[in-house]
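Peer 1: Kindly return the folded structure for what I paste below:
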Amino acid sequence: MSGDFALIARGFDLQSEHIADAIGTRERTRALLQRLADVSAPDTGIAKVLLVYARMATTACDWLDGGLLIDLTAGADFTVVDAYTELGGGLRERLFAPVRFKAPLSEFVRAIERVPHMIAPLASRSSTARRLALSATEVVRRTTAPPPPIEISPESLYLRVPLARLPKAERRSAPPLPVVGTETPAEGGTPGDPVPKDVDGGWDE
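Peer 2: As a prediction, this is how the structure comes out:
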């Protein structure tokens, strides 16, 4: 395995240079896919592996004959990806052993919905809750040049919901206490002490 591949610690680390280096031979492509499978984990950008399969559907991959079929099947908490070459007449040949990525199928589907060009020139052939099939015909493969180097940011693969800012509470001073009459202090009191008013005033007239 290339030392460059060994530096890949998560899906987000996959770069166009890795794909260009690998796609020249079947063995190198398989090594890159296996490295990505080894480091795969949910929410680490492993859906970027679809860029490798998409490059296989271009003129950059001259070791592949016929059309290309990429079949993604959901497991309990993983996704198995099979790659086939379609030879016509309903015949197909598996290119690699099935590759198991430790991330749910929904993660791949969500990435395609948010960044649909990541799978070009592959196109969706069929889709169910547990299976997604992508394909490119032989004509498409032989007439599509590889795309220029691109970088897909984490924000493109995942929808991040910003936290809402709560309004700042205004500090309110306590209302002033009602002033009680202070005309004459009660017997035994001191000047300035509140003088309670006679609550019976006017009742005994």
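
Peer 1: Residue 92 should be in a strand, yeah?
Peer 2: Yes - counting by DSSP: H, G, I helix; E, B strand; the rest coil, residue 92 is located in a strand.

Peer 1: burial count for it?
Peer 2: The tally of other residues near residue 92 (other Cβ atoms under 10 Å) stands at 17. For the C-beta atoms, the positions are set from N, CA and C on the backbone; glycine is no exception.

Peer 1: does the nearest residue to it once chain neighbours are set aside sit in a helix or strand, and which one?
Peer 2: Distance criterion Cβ to Cβ, 6 or more residues apart in numbering; nearest residue to residue 92, sequence neighbours excluded, is residue 84 at 4.4 Å. If you go by DSSP states H and E, residue 84 is part of strand 79-88.

Peer 1: and that strand, which strands flank it?
Peer 2: When pairs are called by DSSP bridges, strand 79-88 turns out to pair with strand 67-74 (antiparallel), strand 91-94 (antiparallel), strand 99-101 (antiparallel).

Peer 1: Pick the most buried one from these.
Peer 2: strand 67-74 (a mean of 20; mean count of other Cβ atoms under 10 Å).

Peer 1: ok, how many other residues are close to residue 34?
Peer 2: Applying other Cβ under 10 Å, we find 14 residues neighbouring residue 34.

Peer 1: typed the wrong thing, it's residue 127
Peer 2: 14.

Peer 1: ok, now which ones touch it?
Peer 2: Going by Cβ atoms under 8 Å, 6 or more residues apart in numbering, residue 127 touches 109, 133.
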